[in-house]
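A.B. asks: here are the coordinates; sequence isn't available:
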Ligand SMILES: NC(=O)c1ccc[n+]([C@@H]2O[C@H](COP(=O)([O-])OP(=O)(O)OC[C@H]3O[C@@H](n4cnc5c(N)ncnc54)[C@H](O)[C@@H]3O)[C@@H](O)[C@H]2O)c1
């Protein structure tokens, strides 16, 4: 299948880099988003999110006329949906963004079009997408009913890029591509081969959906194992990072690292898409979620124990005079993303419970988000925090925090990442 143009629906961390990657290969791309500010920014050749090298790619694509953004879909050879797939309060997947994106493109679909779901989705969602499109366009045939003879091809191709390295990984990672029929798979593959240098591996839609969920559930379970070890090692006074380093010298062992919990919008979310469809079959994944979700509270308790110890050792000290410094608020190292961050959760819980000062240090942002302005957490620089803190809590292994080590200066530390050991 040949593509002259494509439309990417949802211009966030995944959609915009994908649109830029296609446009760089001289495919004419129309990006669609419901956020007018994002649309206007992109049409100026600028970007509204933080991702290295994306600004250069978008500016070049817009200047050369290959990328444009709009609030309104138009006809295109291919449509890629990269809209959010969060979960609701009961951990059930929220597919409303996909449904509304489907509804917005249904009216402009033409026979021969390809529709690809890139959003991370529970098994069966690609087929649901095909059904939703069919309900709005009874004049066209879709692969869940018409099979190989359908007017429209529908496929899933999950994204597995690492924030901070998206522009490289988008091109160099292998892609798993699963259509509702083999013809759908092959059509989607020919689109990705325009810009992907990794291998484009063919499968069916359900396996492609499950593949993405499996990758993140595997990481969640492995991190839960490391987090469980960290509790045992804390009680038995063993350095868990040294332990894991030694165990990983076994040629068939590869344990991940413990931390303050699991955050972000992928690893902490995607296992629920499996669990919600197979509650009775997923005790391991559910246990992993519980272990990782409980770790922030354990860290808070650990910091409170350190404060008790300071007061016991120095009875003249009052609790309200003790300053806690939380180093790192993002959900992982060297990024600015605070969404679903266990570090932020811990810092806010400490700020709410401690009568003294609690400092939040995050070198990748300029200030705390507005909604936290009334919290007891005080935004502070690394230098100032180093001078005033009594308890040093390491929550994120940002490069800036590797340059000093308060333990060597005899400071009280709670290091959840093992970089000051
Ligand atoms: N960010 C990552 O690192 C990452 C990695 C792998 C997979 N994913 C998956 O990719 C998908 C997208 O994630 P993201 O991080 O790009 O999200 P995002 O929030 O950064 O971007 C989504 C965009 O979609 C727009 N949008 C919402 N509803 C829309 C609609 N009906 N029509 C048009 N635009 C709409 C939003 O305004 C937003 O700009 C999710 O399923 C996510 O799980 C993300």
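C.D. replies: Now that the structure is in, tell me what you want to look at. This is a predicted model, so every value here is computed, not measured.
A.B. asks: Closest residue of the stretch 51-200 of the chain to the ligand?
C.D. replies: Nearest residue of the stretch 51-200 of the chain to the ligand, counting by Cβ to the nearest ligand atom: residue 119, 3.3 Å away. Quick note: C-beta positions are derived from backbone N, CA and C, even for glycine.
A.B. asks: er, the chain actually
C.D. replies: residue 12 (1.8 Å).
A.B. asks: Okay, buried residues for stretch 168-186 please.
C.D. replies: 169-171, 173, 175-181, 183-185 (16 or more other Cβ atoms under 10 Å).
A.B. asks: do stretch 9-27 as well
C.D. replies: 9-11, 13-24, 27.
A.B. asks: from those residues, which two are the most distant?
C.D. replies: Distance extremes for the buried residues of stretch 9-27: the farthest pair is 13 and 27 at 20.3 Å, using Cβ to Cβ.
A.B. asks: picking up where we left off before, which of the buried residues of stretch 168-186 fall in helices?
C.D. replies: 169-171, 183-185 (DSSP state H).
A.B. asks: Show the pLDDT at residue 302.
C.D. replies: Note for residue 302: predicted pLDDT of 98.
A.B. asks: thought it was touching residue 414?
C.D. replies: Yes - with contact defined as Cβ atoms under 8 Å, residue 302 and residue 414 form a contacting pair (5.2 Å).
A.B. asks: Can you pick out the residue with more neighbours from the two?
C.D. replies: Taking neighbours as other Cβ atoms under 10 Å, residue 302 and residue 414 compare with residue 414 leading, 21 against 16.
A.B. asks: what's the spacing between the more buried one and residue 301?
C.D. replies: 10 Å (Cβ to Cβ, to the nearest Å).
A.B. asks: can you check residue 216 too?
C.D. replies: 28 Å.
A.B. asks: who has more neighbours, these two?
C.D. replies: Neighbour count, other Cβ under 10 Å: between residue 216 and residue 301, residue 216 has more, with 22 against 10.
A.B. asks: Pull the most distant pair out of the ones in helices among the buried residues of stretch 168-186.
C.D. replies: Pairwise over those, using Cβ to Cβ, the maximum falls at 169 and 183, 28.1 Å.
A.B. asks: which bits of the stretch 1-150 of the chain sit near the ligand?
C.D. replies: 9-15, 32-35, 38, 82-85, 97, 100-101, 104, 119-120 (Cβ under 6 Å from any ligand atom).
A.B. asks: Domain map for this protein?
C.D. replies: Listed by automatic domain parsing, the domain ranges of the chain are 5-198, 217-415.
A.B. asks: Tell me which of those domains sits most buried.
C.D. replies: Scoring the domains of the chain by mean neighbour count under mean count of other Cβ atoms under 10 Å gives domain 5-198 as the most buried, with a mean of 19.
A.B. asks: element containing the residue of the chain most remote from its centre?
C.D. replies: Relative to the C-alpha centroid of the chain, counting by Cα atoms, centre = their mean, residue 316 is the outermost residue, at 45.7 Å. Counting by DSSP states H and E, no helix or strand carries residue 316.
A.B. asks: gap between it and residue 212?
C.D. replies: 56 Å.
A.B. asks: what do you get for residue 231?
C.D. replies: Taken as Cβ to Cβ, the span from residue 231 to residue 212 is 30 Å.
A.B. asks: Over to residue 265?
C.D. replies: In terms of Cβ to Cβ, residue 265 sits 13 Å off from residue 212.
A.B. asks: ok, which residues in the stretch 201-350 of the chain are in contact with the ligand?
C.D. replies: So the stretch 201-350 of the chain meets the ligand at 265-266 (Cβ under 6 Å from any ligand atom).
A.B. asks: quick one, helices of the stretch 201-350 of the chain?
C.D. replies: Using DSSP state H, counting those that start in this stretch, the helices of the stretch 201-350 of the chain run over 205-236, 240-247, 270-275, 283-313, 342-353.
A.B. asks: All set now, cheers.
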